[in-house]
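Student: coordinates only, no sequence provided:
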């Protein structure tokens, strides 16, 4: 098979940033995806319905002419968030609420330190059937960075699901075999990224330190990558594709304290097609990249199609240029043979 046509996918987890970076990186997502769940970790965070509406307006204003792309907005959960805030946001069209444990990743300092302080909000969300999108890592200094997801599942997420059993939870960018097993053992959903499917933590150190492969949650061992690949290609409706494409200026990545995040939007679908072909699962790619998400969030299917065509190896762009400097595109470390074309 050297050509498949699928519904234009949904990116279930996307960082677009703001300002000059937003304007530069948005075209890549708009070219590949019909819609995307946009993360709210700006500075200051997208914490109210009004914040979400203003951010959505900036995204739409930055779209290339003629682009058909729908940003699905989210709210940043803080310890000051109230049940009324989430109810108002849902009424205004906000899709979900994002939980960042404070200090877990980029711009998460305003996140939650104690879930007990937001319990009334979570209970209201359960009543509203409003999804909670979870960055699933603890931030304790004594917990090894490679174990933070597994510890979070046991210490935080399992008790939360017992206490608020009707809460709709999405474990974002799952990275471990334990995470895959947890999703299958509980009534929750998960997203998986292209970069966690494509490379293991070895990519961080091949031939030297590779800052453009540094992300949070950090890349894990090969056995975890294999567990993610099996889940993504299995057809299991509990797993959806979310790129977690997270652009940073090179000046911020290539520094003494480099930022975490992989800018994968320009190569996300080709990487996915490459991996699904290797696993003999191209017939399941559309479900992973579109159907599972639409069913979870009770959204209509996208009508537009995109063709993925296999040919000779091609070189993706090395970077995207913004008014503030370049942003390097993620390199999967293998030749890409699949490209996107109009259906």
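Tutor: Ah, there it is. The structure displayed is predicted, hence computed values, not measured ones. Numbering: from 1, shown residues only.
Student: and residue 271, how close does it get to residue 12?
Tutor: Applying C-beta to C-beta, to the nearest Å, the value for residue 271 to residue 12 is 16 Å. Glycine gets a C-beta too; all of them are placed from N, C-alpha and C.
Student: which one's more surrounded, these two?
Tutor: Using other C-beta atoms under 10 Å as the criterion, residue 271 and residue 12 rank with residue 12 on top: 31 against 23.
Student: skipping its backbone neighbours, what lies nearest the more buried one in space?
Tutor: Leaving aside its sequence neighbours, residue 12 sits nearest to residue 242 (C-beta to C-beta, 6 or more residues apart in numbering; 3.5 Å).
Student: how about the contacts made by the closest residue to residue 157 other than its chain neighbours?
Tutor: Closest residue to residue 157 apart from its sequence neighbours, by C-beta to C-beta, 6+ apart: residue 136 at 6.3 Å. By C-beta atoms under 8 Å, 6 or more residues apart in numbering, the contact list for residue 136 reads 149, 152, 153, 156, 157, 171, 172, 174, 179, 217.
Student: need the residues you listed in a markdown table (columns: neighbour count, secondary structure and pLDDT).
Tutor: Below are those laid out as a markdown table (neighbours: other C-beta atoms under 10 Å; DSSP: H, G, I helix; E, B strand; the rest coil; pLDDT from 0 to 100):
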| residue | neighbour count | secondary structure | pLDDT |
| --- | --- | --- | --- |
| 149 | 25 | helix | 98 |
| 152 | 26 | helix | 97 |
| 153 | 24 | helix | 98 |
| 156 | 18 | helix | 96 |
| 157 | 21 | helix | 98 |
| 171 | 27 | strand | 98 |
| 172 | 24 | coil | 98 |
| 174 | 30 | coil | 98 |
| 179 | 26 | helix | 98 |
| 217 | 25 | coil | 97 |
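Student: looking at those, which is nearest residue 304?
Tutor: Nearest to residue 304 among the contacts of residue 136, counting by C-beta to C-beta, is residue 172 at 25.5 Å.
Student: residues in contact with the closest one?
Tutor: Neighbouring residues of residue 172 by C-beta under 8 Å, 6+ apart: 13, 133, 134, 135, 136, 190, 191, 242, 244.
Student: just residue 215 next, same as before
Tutor: Taking C-beta under 8 Å, 6+ apart as the test, what residue 215 contacts is 195, 244, 246, 260, 261, 262.
Student: alright, that wraps it up for me.
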